[in-house]
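J.: what follows is a protein structure lacking sequence information:
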């Protein structure tokens, strides 16, 4: 099974594709990146670029499931709205491509990766590097978050 993990954002979008087949001991990272859009672009153009990138990754890696983080409210409502719109573009592209949708809350992601729902970000990042074989020096927090989100879907879908 292949899962596309997305850490939603409009400036930085964490993207990862993981695979696990019967008999595999661990999930394998096939692809990960931190996709960035420029603040100098109109917001609508940034959404277009996000949609195109998600479509490209889906076409190239052919995942069966999108695993995406749910939003949590912050004091900056404008940012939350923009992230919600970026999430909408990702979900649209995924549904349009026939993917099943799995949404994970931050506590679910923390439980799936560390076993503790109130783990801090550093604990989650450390566990991701243990749970999957990746080049530990090349991955941004956004990429690692996307991997953690995909791992969460694997834990729940079993």
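T.: Here it is on my side, so go on. As the structure is a computational prediction, the values presented were derived from the model and not from experiment.
J.: now the strands for this protein?
T.: 2-7, 12-19, 28-36, 65-69, 100-104 (DSSP state E).
J.: distance-wise, check the residue nearest to residue 121 when sequence neighbours are not counted relative to residue 112.
T.: Leaving aside its sequence neighbours, residue 121 sits nearest to residue 141 (C-beta to C-beta, 6 or more residues apart in numbering; 7.4 Å). Every residue, glycine included, has its C-beta placed from N, CA and C. Per C-beta to C-beta, to the nearest Å, residue 141 is found 17 Å from residue 112.
J.: these two: which is more packed in?
T.: A count of neighbours by other C-beta atoms under 10 Å puts residue 112 above the other of residue 141 and residue 112, at 22 against 15.
J.: check contacts around residue 118.
T.: Residue 118 makes contact with 107, 110, according to C-beta atoms under 8 Å, 6 or more residues apart in numbering.
J.: again, but for residue 107
T.: Per C-beta under 8 Å, 6+ apart, neighbours of residue 107: 117-118.
J.: quick check: pLDDT value at it.
T.: Model confidence at residue 107, given as pLDDT, is 94.
J.: just residue 114 next, same as before
T.: Taking residue 114 on its own, its pLDDT is 95.
J.: doesn't residue 122 make contact with it?
T.: No - using C-beta atoms under 8 Å as the test, residue 114 is too far from residue 122 to be in contact (10.3 Å).
J.: which of these two has more residues huddled nearby?
T.: residue 114 (20 against 9).
J.: who's in contact with the more buried one?
T.: The contact partners of residue 114, taken as C-beta under 8 Å, 6+ apart, are 123-124, 127.
J.: please apply the same query to residue 32.
T.: 14-17, 134, 139, 143, 146-147.
J.: wait, which of these is closest to residue 97?
T.: Nearest to residue 97 among these: residue 17, at 12.9 Å, using C-beta to C-beta.
J.: can you tell me how far that closest one sits from residue 89?
T.: Residue 17 is 18 Å from residue 89, by C-beta to C-beta.
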